[in-house]
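Visitor: My questions concern the predicted model and sequence given below.
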Amino acid sequence: MHSSFSFTTDTAALSIFDLQAIRHRIDDTSDWWTIEQDELEESNYGRILFLHVEHDGTYDVHIVAHIEQPQMSGMLYVPSGQLFAGAAEDTTGGDLEPDDSSAVSGQLWTIRPGVYQVQAARQQQSIQMALIWLADTPSAIPNSNRPTSAESEINTTSTINPIPSHASPSVNNVILNNLNQRLRL
């Protein structure tokens, strides 16, 4: 999948997620993800990834097949194939979810459902992102295939043991990432 789009953020962050995977947050506050524990919990389960950038503003995103030297890598579960990438302030919450309206700063795609490794690298206002399909479900991913990040250590030992009660039953609750800090580009 090769594509390019621009997004404008007032929160210095890009989010990428499957609409179904994060739908359980629709009744939450619109900025639920600004609470680091909530962000990391959802990221650990591979339901969403937030890529924090240095500044607010407009960024160009280029989807590529692979990145030679990613600055960040994480795993993302895409159960429905309805993928959003864009301004974090457009993340599902506050009774809203991203759509294709002009009020949303980002892009919606239909892609093959499954587990993806997401790689990213940023140079000034340009972000390269690769989506590499790995398996149909999170339980099909062997621990040895879990990616690592240059900035945030990702390992296979979870610091969050119980499955959250708000998790959608349609989303597989296998720990895919163990992020010890927010992902920064």
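Guide: Yep, that arrived.

Visitor: Okay, now the unreliable bits of this protein?
Guide: Low-confidence segments of the chain, defined by pLDDT under 70: 1, 143-173, 180-181, 185.

Visitor: In the protein, which helix is the longest?
Guide: helix 36-44 (DSSP state H).

Visitor: Near residue 101, how many other residues are there?
Guide: If you count neighbours by other Cβ atoms under 10 Å, residue 101 ends up with 6. Bear in mind the C-beta positions are built from the backbone N, C-alpha and C, glycine included.

Visitor: I meant to write residue 140 there.
Guide: 13.

Visitor: do the same with residue 26
Guide: Count around residue 26 with other Cβ under 10 Å applied: 14.

Visitor: now the residue nearest the centre of the chain, which residues is it bridged with?
Guide: For the chain, the residue sitting closest to the mean C-alpha position, by Cα atoms, centre = their mean, is residue 49 at 2.3 Å. Beta-bridge partners recorded for residue 49 (DSSP bridges): residue 16.

Visitor: mind listing what it touches?
Guide: Residues in contact with residue 49 (Cβ atoms under 8 Å, 6 or more residues apart in numbering) are 15-17, 43, 74, 76, 118, 183.

Visitor: Out of these, flag the one nearest to residue 82.
Guide: residue 17 (9.5 Å; Cβ to Cβ).

Visitor: I'd say that closest one and residue 91 touch.
Guide: Yes: look at residue 17 against residue 91 with Cβ atoms under 8 Å: they come within range, at 7.1 Å.

Visitor: what residues do those two have in common as contacts?
Guide: residue 48.

Visitor: In terms of secondary structure, what does the longest helix of the chain contact?
Guide: Under the contact criterion of 3 or more Cβ pairs under 8 Å, 6 or more residues apart in numbering; DSSP states H and E, helix 36-44 touches strand 48-52.
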